[in-house]
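Peer 1: The following block contains a protein sequence and its predicted model.
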Amino acid sequence: MSDPTLPSVEELKARIESSVAGATVDVLTNESPCAQHSLIIDREHGLPVARFLKNDAGLRLDYCSNVTGVDYPDRTEIRKNKVKRIVEGEEKEVVEEEEIQHPGFLESVYHLYSVEKGWGPVVLRMRTGNRSDDVWLPSLTPVWRSCEFQEREVFDLYGIRFEGHLDLRRLLMWDEFTEHPMRKDYVEPDDYEYEPTPHNEVLEKARAHR
């Protein structure tokens, strides 16, 4: 008989940190009605954390249902700060704006279930160093075979390189394609030479290249 009580994300965080030496775990809360909170795992310990979640007798997260990607571009935050300044010889409280730069990154998201215990999902996230030259994450395919094609799709569409994946190649786009269509700064081609029946906006773009 399965145990219907899945540990909370706070309990999972504590169990991971006490069982996987050096692992860093953060909780990302979800304020929507579903309240599906996530665990953010440092990528250096992604594989041992995955093995722990699958093999621990109290968890048995033995199935990964899906793997998705997320793109977080660089962004600038404007923060308003109240400070005291001398204005016309008098000290006054004024509001000054401060620009804070947040570098972008890519993220892979895994939804885990326990078929044995009948519970889930546990949402696991890992993040790259940036969006350009530090885009590796550990492949979790050695732990959950169902990740194989889905990590290939994330690699294809977002550009995350999954280290340890035995067959990391494009799944939807052709091999010579050099970009990643699901990134937020992707610019689609405007020639549409491959479109057999161009219409509406596509027709106008195609005409411009004839």
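Peer 2: Done, it's in.

Peer 1: Let me see the domain layout of this protein.
Peer 2: For the chain, the structural domains run 9-72+105-173, 179-210, going by automatic domain parsing.

Peer 1: what about the longest one, how long is it end to end?
Peer 2: The distance separating the two terminal residues of domain 9-72+105-173, taken as CA to CA, to the nearest Å, comes to 36 Å.

Peer 1: Show me the shaky parts of the chain.
Peer 2: 1-4, 191-196, 198, 209-210 (pLDDT under 70).

Peer 1: Where do the strands of it begin and end?
Peer 2: For the chain, the strands defined by DSSP state E cover 25-28, 38-41, 63-72, 75-87, 90-102, 105-114, 119-127, 136-138, 161-163.

Peer 1: beta partners of the spatially most central residue of the chain?
Peer 2: Nearest residue to the geometric centre of the chain (CA atoms, centre = their mean): residue 107, 2.1 Å. Per DSSP bridges, the residues bridged to residue 107 are residue 70, residue 127.

Peer 1: Next up, the contacts around it.
Peer 2: The neighbourhood of residue 107, defined by CB atoms under 8 Å, 6 or more residues apart in numbering, consists of 69, 70, 71, 72, 125, 126, 127, 128. Where you see a C-beta, it was placed from the backbone N, CA and C, and this is true even at glycine.

Peer 1: Now rank the residues you listed by neighbours and give me the top one.
Peer 2: Greatest neighbour count in these, by other CB atoms under 10 Å, goes to residue 126: 24 neighbours.
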